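K.L.:
okay, sequence plus prediction incoming.
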Amino acid sequence: MEATLLKGIFGSRKAVSALSLLAFLSLWEVGSKTGILSPVFLPAPSGVILVLLDMISSGELWPHLFLSLKRIFWGMLIGVGLGWIVGMATGLSPVIGAVLNPILACLYPIPKVAILPLLILYLGIGEASKVGVISIGVFFPVFINTRSGVKGVDSIWILAARSLGASTMSIWFKVVLPASLSYFLSGVRLGSGIALLLLVTSEMIGANSGIGYLILSSADLMLTDRLLAGILITSLLGLLFSYTLDLLEKRLPFN
Amino acid sequence: MKLVVEGLCKSYQRDGTKVLVLEGLSFEVNQGEFVSIVGPSGCGKSTLLKCIAGLEGSDEGLVSYQGNGDSQRPLCSIVFQELALFPWRSALKNITFGLEELRIPKRERERIGRKYLEMMRLGGFESFRPKELSGGMKQRVAIARAMAVEPYLLVMDEPMASLDAITAQRLQMDLMEIISQKGQSVLYVTHNIPEAVFLSDRVIVLTERPGRIKEEVRIEESRPRDLAFKLSSKFVGYLERLWKLLS
Ligand SMILES: Nc1ncnc2c1ncn2[C@@H]1O[C@H](COP(=O)(O)OP(=O)(O)O)[C@@H](O)[C@H]1O
Ligand SMILES: [Mg+2]
């Protein structure tokens, strides 16, 4: 009896995770409310939520969130698209691989933030440089993962397709593409983390809008609760991306 | 149509040296005939099948199909030793892969796919993915996939090697019935002598690598055959002869 009761409470991992999160937040809340944690440095979670709700109801948040989402959307779209195309091409064709791989290998290790000033110089301080740096950051993990996925496709599948009369195009789209899809998606997953990082960074350098700007400007004014609200939004965005990718991956026939 | 193989030679490069795998093979598979190839592991059986299916080039010799037939129909399709089912496709969609390449409309494809699925006793498993199927069922899907394109020659590479004895026995019986009924020409590789004797009109024995033809044994018994043949003294006589050739 007792055992089943315990199992009922702790047997479910989800319940344990929720409890752990709740305990963490309660400790924080109590710490802030009793003054153990200075509210200037670490305001209570309830305070952060209130500020966030306030920004939502006053409409202050929406333009920032909208612009950030727009930048990350275009950046991801371009980066993922190019990464996939170049990954497929270099994986499938030894010639294209020989041409592009050395160049890309030299560009890969550069921290993408370091390119940002150059992009601002070329493209101006506006949207293009932000979208550009996100695209470049997302491009590399997608490209590298897709290429290794394509190279790792079991050659017996290609032989089987050929023996069933498949054309080269069919082999690319009906064998290599589905067989490398899970690699591609983990590239996208890595890329989405980088995209978020570059979004916030680029919005902190000479921007007057976006979540990154919200965070930096709050810090300048010592508005720690607004700052934390901004961080909370980036965290929620990250969770949203990984949740979406989880859904996509579950729909893949591999899992 | 009839498969004619003449003087086939094939070698692989390994560490800069040439390793001869097949040395001057010549044989034929007539329309409707079931021919098995037996030989020790590594003697080049899979290589031979890949050369015949046009998936590997040969160094010397000729693989041709003689006779007049419908040019739309594929000459040959192959059931691989490794099966090579597409894990991202359902059983039915695996079977219809080749039909898609033949530009057959979707409804017709599915009708044909289901027909072969039923024939292989897999009715009801249309939507199952390969990893949800047992070894024997996967093998049946692989055979159905190769047969669905209706090739002149069906090539099979050790299709029963990974199956337990009971599953293999059932599949052998079904195969005997389907192949004999359709009058399908088959080139079949195995290292299981009783299986070769039971299924074949002719058994070709290869030597150790480099593979050459050691002997050809004709199995004089009309098909379809049943269990009674497997228990007959005639069957045992063939076994004895082949085992002597291979030891
Ligand atoms: N792609 C390859 N490259 C080099 N050697 C190969 C290749 N494929 C097969 N071989 C060699 O050719 C020989 C025959 O192989 P295989 O045809 O698979 O034999 P079997 O099917 O009769 O067991 C083996 O010695 C094998 O190592
Ligand atoms: Mg083999």
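P.N.:
That came in fine, so what should we check first? In this text, all values refer to a predicted model and were calculated from it rather than measured experimentally. Ligands and ions are numbered 1, 2, ... in the order given.
K.L.:
hey, let's count contacts and neighbours off CA atoms from now on
P.N.:
Noted.
K.L.:
where do the helices of chain A begin and end?
P.N.:
Remark: helices assigned in chain A by DSSP state H are A:2-10, A:13-33, A:45-57, A:61-92, A:94-107, A:116-123, A:127-151, A:155-163, A:168-170, A:177-204, A:211-220, A:224-251.
K.L.:
can you point out the buried residues in the longest helix seen in chain B?
P.N.:
Using DSSP H, we find that the single longest helix of chain B is helix B:165-182. Residues B:168, B:171-177, B:179-180 are the ones in helix B:165-182 that count as buried (16 or more other Cα atoms under 10 Å in any protein chain shown).
K.L.:
excluding its backbone neighbours, what's nearest A:S167?
P.N.:
B:E101 (7.7 Å; Cα to Cα, 6 or more residues apart in numbering or on different chains).
K.L.:
burial count for that neighbour?
P.N.:
For B:E101, the tally of surrounding residues (other Cα atoms under 10 Å in any protein chain shown) stands at 16.
K.L.:
report the contact partners of it.
P.N.:
Neighbour list for B:E101: A:164-167 [criterion: Cα atoms under 8 Å, 6 or more residues apart in numbering or on different chains].
K.L.:
kindly provide the distance from it to ligand 1.
P.N.:
Using Cα to the nearest ligand atom, to the nearest Å, one gets 26 Å for the distance from B:E101 to ligand 1.
K.L.:
how about the residue nearest in space to the middle of chain B, secondary structure?
P.N.:
Central residue of chain B (Cα atoms, centre = their mean): B:M156, 1.8 Å from the mean position. Following DSSP: H, G, I helix; E, B strand; the rest coil, we place B:M156 in the strand state.
K.L.:
what bridges to it?
P.N.:
B:M156 has the following beta-bridge partners by DSSP bridges: B:V79, B:Y188.
K.L.:
what's the spacing between it and B:E221?
P.N.:
22 Å (Cα to Cα, to the nearest Å).
K.L.:
any chance of the buried residues of helix B:165-182 in CSV, plus distance to chain A and pLDDT?
P.N.:
Shown next, in CSV, are the buried residues of helix B:165-182 (distance: Cα to the nearest Cα, whole Å; pLDDT from 0 to 100):
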residue, distance to chain A, pLDDT
B:A168, 23, 91
B:L171, 22, 92
B:Q172, 23, 92
B:M173, 25, 93
B:D174, 23, 93
B:L175, 20, 93
B:M176, 23, 94
B:E177, 24, 93
B:I179, 19, 94
B:S180, 23, 93
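K.L.:
just name the closest of the residues you listed to B:F128, please.
P.N.:
B:L171 (19.4 Å; Cα to Cα).
K.L.:
so who does the closest one touch?
P.N.:
B:L171 makes contacts with B:136, B:140, as judged by Cα under 8 Å, 6+ apart.
K.L.:
got it, and the one 3 residues further on?
P.N.:
Contact analysis of B:D174 by Cα under 8 Å, 6+ apart lists B:M120.
K.L.:
one more: B:R140?
P.N.:
By Cα under 8 Å, 6+ apart, B:R140 lies in contact with B:120, B:122, B:171.
K.L.:
can you rerun that using 10 Å?
P.N.:
If you count contacts by Cα atoms under 10 Å, 6 or more residues apart in numbering or on different chains, B:R140 has them with B:79, B:83, B:91, B:116-117, B:119-122, B:134, B:146, B:159, B:171, B:174-175.
K.L.:
with B:E208 instead?
P.N.:
Contacts for B:E208 (Cα under 10 Å, 6+ apart) come out as B:21-22, B:39-44, B:214, B:246.
K.L.:
quick check, the helix or strand where B:C9 lies touching chain A?
P.N.:
If you go by DSSP states H and E, B:C9 is part of strand B:2-14. No. Strand B:2-14 does not reach chain A (Cα under 10 Å from any Cα of the partner chain); its nearest approach is 16.3 Å.
K.L.:
what does the model give residue 106 for pLDDT?
P.N.:
Picked chain A for this. Note on A:C106: pLDDT of 93.
K.L.:
let's do chain B instead
P.N.:
94.
K.L.:
any idea which element the nearest residue to it once chain neighbours are set aside lies in?
P.N.:
Closest residue to B:K106 apart from its sequence neighbours, by Cα to Cα, 6+ apart: B:E100 at 7.9 Å. Element membership for B:E100 (DSSP H and E) is helix B:97-101.
K.L.:
would you map out the domains in chain B?
P.N.:
The record's domain split for chain B, according to automatic domain parsing, is B:1-74+B:174-247, B:79-151.
K.L.:
and A:I78, which of those domains is closest to it?
P.N.:
domain B:79-151 (27.1 Å).
K.L.:
first vs last residue of that closest one, how far apart are they?
P.N.:
Terminal residues of domain B:79-151 are spaced 12 Å apart (Cα to Cα).
K.L.:
how about the residues of chain A that lie near chain B?
P.N.:
Counting by Cα under 10 Å from any Cα, chain A comes close to chain B at A:154-167, A:170, A:174-175, A:178-179, A:252-255.
K.L.:
run a quick neighbour tally on B:S127.
P.N.:
12.
K.L.:
make sure it is indeed in a strand.
P.N.:
No. Looking at B:S127 with three-state DSSP, it is coil, so not inside a strand.
K.L.:
what sits closest to the residue of the stretch 101-250 of chain A found nearest chain B if chain neighbours are left out?
P.N.:
Nearest to chain B in the stretch 101-250 of chain A, going by Cα to the nearest Cα, is A:L164, at a distance of 4.8 Å. Distances taken as Cα to Cα, 6+ apart place B:G98 nearest to A:L164, at 4.8 Å, with adjacent residues excluded.
K.L.:
got a list of what the closest residue to ligand 1 within the stretch 51-200 of chain A touches?
P.N.:
Residue nearest to ligand 1 within the stretch 51-200 of chain A (Cα to the nearest ligand atom): A:S155, separated by 10.8 Å. By Cα under 10 Å, 6+ apart, A:S155 lies in contact with A:161, A:176, B:84.
K.L.:
and it, what pLDDT?
P.N.:
What the model reports for A:S155 is a pLDDT of 90.
K.L.:
same check on B:G123?
P.N.:
Looking at B:G123, its pLDDT is 90.
K.L.:
with A:V16 instead?
P.N.:
Predicted confidence (pLDDT) for A:V16: 87.
K.L.:
on that earlier part again, for the domains of chain B, give me JSON lines that also has distance to A:S46.
P.N.:
Shown next, in JSON lines, are the domains of chain B (distance: least, Cα to Cα, whole Å):
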{"stretch": "domain B:1-74+B:174-247", "distance to A:S46": "67"}
{"stretch": "domain B:79-151", "distance to A:S46": "47"}
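K.L.:
nearest to A:V142, of those domains?
P.N.:
domain B:79-151 (21.1 Å).
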